[in-house]
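Trainee: whatever this is, show me its structure:
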Amino acid sequence: MSSYTKEEVFAYHHGGKVALQLPRPLENQRDLTLAYTPGVALPVKEIAANPSAAYELTAKRNTVAVVSDGTAILGLGDLGAKASIPVMEGKAVLFKAFAGIDAWPVPLGACRMDGKDTGPTDPERVIAAVKAIAPMYGGINLEDIASPACFEIEDRLDAELDIPVFHDDQWGTAVIATAGVMNFAFLKGKALGDLKVVINGAGAAGTRIADMLKAAGVKDLTMFDIKGVLASSRTDLSRQNSVHARDVAPTMTRREAMTGADIFIGVSAANVISGEDVLAMAEFPAIFAMANPDPEITPEAVAEAMKDKPYVMVTGRSDYPNQINNVLGFPYLFRGALDVRATTINTAMKVAAANALAMLARESVPEDVAALYPGENLVFGRNYIIPKPFDRRLKERIPQAVAQAARASGVARI
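Mentor: Next up is the predicted model:
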């Protein structure tokens, strides 16, 4: 993993990471006449008469707002809207670098309860703020908004706006993890419907991973939150979590659930499972330990427990093979959605993205891509089930699959 100093990081961020770049020159009086008054009156009148013309006569067609209230910044917690700016800028950089999308940070202040800048998110204030800025944008990427408010915010905005709304903390990890599960199932020679899956962590990411896996075909799935197994007898489950409750004893332990399981997926906390838990799993298991920065179990602990037995190890870290990295998803999901002016990013589009990612990992890696990852054997198998972020083929394959799914599901406007 690359090392860096505080000074290097601050130097990289000095003055911000995003800026406006003009697509056309403004060098003389005629340019000024075309860009602003009086010429600008013509597109204004055209858009007033035909609102869809905004996609042709403004930057809307290729612009995404990266919105946060700063309540759940990375793994740092609630540090406020202003502190979220470096992350929102970083997200905008990734949109541009990987998918050619012009994204802009939109940190929202005064969107907590009672209009304060601290305390729990007020979903109504966030929804109102996003709806107010939406005319400029072709899509809304929600980011670092704490659960459970994030669920209502995304659901409401997706229903009330005619542009794609996507909360990356919910769906980004879910799409990439689903691709990994698809390829693990392929390696194991099992259908998705025959896998036994255990998920530890029932927050935004865990809940949507469960949604995605079931949409892709998984049937046997058991989830745990901080209080224990999601048993149907529990009365404290949210609407999103109750969908995944099972008719099991509320006293079921993780070890009991993991016994004979094909896959463990962790989006929770460090060191919550042991080597003994892994050994209780089925032959040739997969361990998706994605808590950051420290996983639910370290790859070293899994290797020590499994010894010479085959297994697949997945983390959220770049210093181990099989990293679940959201940059493999959100830029390309939006690219595909924007290209066909989709009104939403629906489940079919997300599953299509996951499937396209999985299929790409099974192909031979071009030499120039492999050269970016010296020392790694990028051949489909136990240590390579997810494509690498700098694989240039992602920009073509994923958006194409997403756009096709948008058309097939009836949400594409072109």
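
Trainee: got the CA positions of the lengthiest helix in the chain in CSV?
Mentor: Using DSSP state H, we find that the single longest helix of the chain is helix 168-188. What follows is helix 168-188, C-alpha atoms only, in CSV (Å, rounded to 0.1, in the frame of the first residue of the first chain):
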residue,chain,number,x,y,z
ASP,A,168,-23.5,5.2,-3.2
ASP,A,169,-23.0,4.0,0.4
GLN,A,170,-26.1,1.9,0.0
TRP,A,171,-25.8,0.6,-3.5
GLY,A,172,-22.1,1.1,-4.6
THR,A,173,-20.8,-1.6,-2.3
ALA,A,174,-23.8,-3.8,-3.0
VAL,A,175,-23.2,-3.8,-6.8
ILE,A,176,-19.5,-4.6,-6.5
ALA,A,177,-20.0,-7.2,-3.8
THR,A,178,-22.7,-8.9,-5.9
ALA,A,179,-20.2,-9.1,-8.8
GLY,A,180,-17.8,-10.8,-6.5
VAL,A,181,-20.4,-13.2,-5.3
MET,A,182,-21.4,-14.0,-8.9
ASN,A,183,-17.8,-14.9,-9.7
PHE,A,184,-17.3,-16.9,-6.5
ALA,A,185,-20.4,-18.9,-7.4
PHE,A,186,-18.9,-19.5,-10.9
LEU,A,187,-15.6,-20.7,-9.4
LYS,A,188,-17.4,-23.0,-7.0
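
Trainee: can you give me the helices in the stretch 251-400 of the chain?
Mentor: Along the stretch 251-400 of the chain, the segments classed as helices by DSSP state H, counting those that start in this stretch run 254-258, 275-279, 299-306, 330-339, 347-361, 367-370, 394-408.

Trainee: could I get those helices in JSON lines, plus columns for mean pLDDT, mean neighbour count and distance to Ala48?
Mentor: For the C-beta atoms, the positions are set from N, CA and C on the backbone; glycine is no exception. Listed next are these as JSON lines, based on pLDDT from 0 to 100; neighbours: other CB atoms under 10 Å; distance: least, CB to CB, whole Å:
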{"stretch": "helix 254-258", "mean pLDDT": "98", "mean neighbour count": "19", "distance to Ala48": "58"}
{"stretch": "helix 275-279", "mean pLDDT": "98", "mean neighbour count": "17", "distance to Ala48": "62"}
{"stretch": "helix 299-306", "mean pLDDT": "97", "mean neighbour count": "16", "distance to Ala48": "58"}
{"stretch": "helix 330-339", "mean pLDDT": "98", "mean neighbour count": "26", "distance to Ala48": "23"}
{"stretch": "helix 347-361", "mean pLDDT": "98", "mean neighbour count": "23", "distance to Ala48": "32"}
{"stretch": "helix 367-370", "mean pLDDT": "95", "mean neighbour count": "12", "distance to Ala48": "47"}
{"stretch": "helix 394-408", "mean pLDDT": "98", "mean neighbour count": "20", "distance to Ala48": "28"}
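
Trainee: which stretch among the ones you listed comes nearest Ala129?
Mentor: The minimum distance between Ala129 and those falls on helix 330-339, with 20.1 Å, by CB to CB.

Trainee: what's in contact with that closest one?
Mentor: Residues outside helix 330-339 that contact it (CB atoms under 8 Å, 6 or more residues apart in numbering) are 61-62, 64, 91, 94-95, 98-101, 138-139, 141, 164, 166, 168, 172, 175, 342, 344-345, 349-350, 353, 394-395, 398-403, 405-406.

Trainee: with respect to Asp117, which of the helices of the stretch 251-400 of the chain lies nearest?
Mentor: For Asp117, the closest of these is helix 330-339, at 26.7 Å, according to CB to CB.

Trainee: rewinding a little: so which of the helices of the stretch 251-400 of the chain gets nearest Gly217?
Mentor: With respect to Gly217, and counting by CB to CB, the nearest of the helices of the stretch 251-400 of the chain is helix 347-361 at 9.3 Å.

Trainee: contacts for the closest one, please.
Mentor: Under the criterion CB under 8 Å, 6+ apart, residues 171, 174-176, 178-180, 182-183, 186, 211-212, 215-216, 328-329, 332-333, 336-337, 342, 380, 384-387, 391, 393-394, 397-398, 400-402, 404-406, 408-409, 411 lie in contact with helix 347-361.

Trainee: and if you look at stretch 28-41?
Mentor: With CB under 8 Å, 6+ apart as the test, stretch 28-41 has contacts from 24-26.

Trainee: quick one: which of those residues sit in strands?
Mentor: Using DSSP state E, no member of the contacts of stretch 28-41 falls in strands.

Trainee: tell me which of the residues you listed is nearest to Phe224?
Mentor: Arg24 (54.8 Å).

Trainee: give me the distance between that closest one and Met136.
Mentor: Using CB to CB, to the nearest Å, one gets 18 Å for the distance from Arg24 to Met136.

Trainee: which of those two has more neighbours?
Mentor: Taking neighbours as other CB atoms under 10 Å, Arg24 and Met136 compare with Met136 leading, 13 against 8.

Trainee: okay, now the unreliable bits of the chain?
Mentor: Flagging of the chain using pLDDT under 70 yields the residue ranges 1-2.

Trainee: just want the most central residue of it.
Mentor: Closest residue to the average C-alpha location of the chain: Gly172 at 1.3 Å, with CA atoms, centre = their mean.

Trainee: tell me, how many residues neighbour the residue nearest to it when sequence neighbours are not counted?
Mentor: Of all residues not flanking Gly172 in the chain, Asn326 sits nearest, at 3.6 Å (CB to CB, 6 or more residues apart in numbering). Other residues near Asn326 number 20, with proximity taken as other CB under 10 Å.

Trainee: for Leu237, same thing?
Mentor: Neighbour count of Leu237, defined by other CB under 10 Å: 18.

Trainee: what lies in contact with stretch 380-388?
Mentor: The contact list for stretch 380-388, computed with CB under 8 Å, 6+ apart, reads 176, 179-180, 183-184, 187, 310-312, 314, 321-325, 328, 357-358, 360-363, 365, 369, 372-373, 376-378, 393-394.

Trainee: run the chain-centre distance for that stretch.
Mentor: A distance of 19 Å separates the C-alpha centroid of stretch 380-388 from that of its chain, computed with CA atoms, centre = their mean, to the nearest Å.

Trainee: give me the buried positions along it.
Mentor: By 16 or more other CB atoms under 10 Å, the buried positions in stretch 380-388 come out as 380, 382, 384-388.

Trainee: first vs last residue of that stretch, how far apart are they?
Mentor: Separation of the first and last residues of stretch 380-388 by CA to CA, to the nearest Å is 12 Å.

Trainee: what do you get for stretch 262-275?
Mentor: Across its full length, stretch 262-275 reaches 15 Å end to end, with CA to CA as the criterion.
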